[in-house]
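A.B. asks: Turn this into a structure:
(one chain, ligands or ions: 1)
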Amino acid sequence: MAQLWGGRFTKATDQLVYDFNASINFDKRLFHQDIEGSIAHVVMLAKQGILTVEEKDAIVKGLTGIREDVDSERLKISNEYEDIHSFVEANLIQRIGDAGKKLHTGRSRNDQVALDMRLYTRQQVLLTDELLKELLEVILYTMEQNVETYMPGFTHLQKAQPITLAHHYGAYFEMFKRDRQRLFDIFRRMNYCPLGAGALAGTTYPLDRNYTASLLGFEGPTLNSIDSVADRDYLIEFLAALSTIMMHLSRFSEEIIIWNSNEYQFVEIDDAYSTGSSIMPQKKNPDIAELVRGKTGRVYGALMSLLTTMKGLPLAYNKDMQEDKEMAFDAMDTVKDCLVLFTGMLRTMKFRKDRMERSAMNGFTNATDAADYLVGKGVPFRDAHGIIGRLVLYCIEKDTSIDALSLEELQAISDKFGPDIYDAVFLKTCVEKRLTVGAPGPEAMKKVIEKHREYLAQESITLPEEEKK
Ligand code: ARG
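C.D. replies: Have a look, this model is predicted:
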């Protein structure tokens, strides 16, 4: 047992209590952030004359030494310490003696952990954003290649109207673009430095919080010391954004699983992203898509868990808040893994364009266009809808499609049909004529694709170089 406190205690902590209370097992992830925050803190303390330059130099050297030793695995972060903050401080004191005992001047573990977690989360926001951008690149490339790849569009998983693959993928482009915008918003809102809030009420030392904030790449310091140590909104927002990303990935996965099924065969998932069955030799299963869909639950779980942890907490810090870490870390890892694998699966997936087009040609996806044709001949839409409904019924009975009927058969149902009906219900015409903004018509689609290209050429959110580690 190694802890930073004990002076006011007459007995040692019970071992079970110590183990239950300790967080080093999971907060060791915050090691780099803890060192970085401590360096900024002492640099500021020296600038303010609270520590001497010699003390600051000794501490910075000690902290960088610890970082090097841990990075090169000469030093192991061991579980004998209560948390990562205790590990760093104890090691520092071992290395440099008394100067090390001054590191924690004007600081509490409450603002320290608030800073570490914020630094860690901020970096995860950026990493997630980069992965989303790579996914968008793959989606956009597929869109560019498939402006004239026809497929049925669905509602209720029933064939509805013909669209293109570019158009369908375009829907996902919008979703993942919004996901990036959410991350950007979160980044901007969270990028304020809680260090200097102390335990909850600031400190009596003349800290320069603006300076610490700028050293750590923040916009500025947080403005209420109680909120600084009690706030986990940024993490909840991030978990909500991660949950939404997973919801999008899960819907996309579901579609790929359907498209990859024996009945559809719209796509073929690459062998490298498929798995076999231990008993059925013919099987090639879409496990990656299924796992992405499945892992969505645990990310939602992390969000629900933290919301619930926070809901009854009085101000300011409470130990409950230590529970902000494990599931959040798991959610961050899960989403990054899912994005990497999903993007790889998408990049290597093959489309069976012939089957997609054939599927769009049957199932009466052109029925709306046939009704619109009659509208063009002066029939009110509601009447046209009724006529085409009867026409579809006739086709179902004869097991045929609208475009395969003879003009006599068509005219038997409505004398408004003329020979130009065949062009009007031709699959490609049906798509080409849909030219409103956001519609699948290739000319409309190309304009949207151009906007997407410009969007992806823009700078992502970034931090000053040394903050990226
Ligand atoms: N391990 C703690 C956490 O993760 C660090 C803060 C401890 N502060 C305290 N007053 N016990 O929240």
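A.B. asks: Tell me the confidence at the closest residue to the ligand within the stretch 151-300 of the chain?
C.D. replies: Taking Cβ to the nearest ligand atom, the ligand has its nearest neighbour within the stretch 151-300 of the chain at Ala199, 7.2 Å off. Heads up, the C-betas are built off the backbone N, CA and C, glycines and all. At Ala199, the model reports a pLDDT of 96.
A.B. asks: any low-confidence regions in the chain?
C.D. replies: 1-2, 464-469 (pLDDT under 70).
A.B. asks: At the contact with the ligand, which residues of it appear?
C.D. replies: Ser23, Asp27, Asp83, Arg109, Asn110, Val113, Tyr317, Lys319, Met321, Gln322 (Cβ under 6 Å from any ligand atom).
A.B. asks: what about 8 Å?
C.D. replies: 23, 27, 82-83, 85, 108-110, 112-113, 117, 199, 317, 319, 321-322, 324-325 (Cβ under 8 Å from any ligand atom).
A.B. asks: Looking at the residues you listed, which are in helices?
C.D. replies: Asp27, His85, Arg109, Asn110, Gln112, Val113, Met117 (DSSP state H).
A.B. asks: Nearest to the ligand within the stretch 201-350 of the chain, name that residue for me.
C.D. replies: Closest point on the stretch 201-350 of the chain to the ligand, by Cβ to the nearest ligand atom, is Gln322, at 3.7 Å.
A.B. asks: for the residue lying closest to that residue once chain neighbours are set aside, what are its contacts?
C.D. replies: Leaving aside its chain neighbours, Gln322 sits nearest to Ser23 (5.3 Å; criterion: Cβ to Cβ, 6 or more residues apart in numbering). Contacts for Ser23 were tallied using Cβ atoms under 8 Å, 6 or more residues apart in numbering; they are Glu82, Asp83, Ile84, Gln322, Lys325.
A.B. asks: Serialize these to TSV and add fields for neighbour count and distance to Asp287.
C.D. replies: As requested, the contacts of Ser23 are arranged in TSV below (neighbours: other Cβ atoms under 10 Å; distance: Cβ to Cβ, whole Å):
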residue	neighbour count	distance to Asp287
Glu82	22	41
Asp83	24	38
Ile84	25	36
Gln322	17	35
Lys325	21	30
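A.B. asks: Include distance to Ile50 when you put the residues you listed into CSV, please.
C.D. replies: Shown next, in CSV, are these (distance: Cβ to Cβ, whole Å):
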residue, distance to Ile50
Glu82, 26
Asp83, 24
Ile84, 24
Gln322, 29
Lys325, 30
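A.B. asks: Closest one of those to Ala171?
C.D. replies: Sorting the contacts of Ser23 by how near they are to Ala171, with Cβ to Cβ, puts Lys325 at the top with 35.1 Å.
A.B. asks: Phi, psi for that closest one please.
C.D. replies: phi -90, psi -60 (degrees, to the nearest 10).
A.B. asks: That one contacts Phe26, doesn't it?
C.D. replies: Yes: here Lys325 reaches Phe26: they are 5.3 Å apart, a contact under Cβ atoms under 8 Å.
A.B. asks: what sits against Lys319?
C.D. replies: Asn21.
A.B. asks: if I look at it, how far off is Gln112?
C.D. replies: 15 Å (Cβ to Cβ, to the nearest Å).
A.B. asks: Over to Gln33?
C.D. replies: Counting by Cβ to Cβ, the gap from Gln33 to Gln112 is 10 Å.
A.B. asks: Compare the two and say which one has the larger neighbour count.
C.D. replies: Gln112 (27 against 24; other Cβ atoms under 10 Å).
A.B. asks: can I assume that one is in contact with His85?
C.D. replies: Yes: between Gln112 and His85 there is a contact under Cβ under 8 Å: 5.6 Å.
A.B. asks: between those two, what contacts are shared?
C.D. replies: Joint contacts of Gln112 and His85 (Cβ under 8 Å, 6+ apart) are Asp34.
A.B. asks: Do a quick rundown of the helices in the stretch 1-150 of the chain.
C.D. replies: Counting by DSSP state H, counting those that start in this stretch, residue ranges of the helices within the stretch 1-150 of the chain are 15-21, 24-27, 31-47, 53-71, 84-96, 109-145.
A.B. asks: tell me what the shortest one is packed against?
C.D. replies: What it means is helix 24-27. helix 84-96 (3 or more Cβ pairs under 8 Å, 6 or more residues apart in numbering; DSSP states H and E).
A.B. asks: Need the phi and psi values for the closest residue in space to Asn191 that isn't next to it in sequence.
C.D. replies: Using Cβ to Cβ, 6+ apart and skipping the chain neighbours, the partner closest in space to Asn191 is Glu219 (4.8 Å). Reported as degrees, to the nearest 10, the phi and psi values for Glu219 are phi -70, psi -30.
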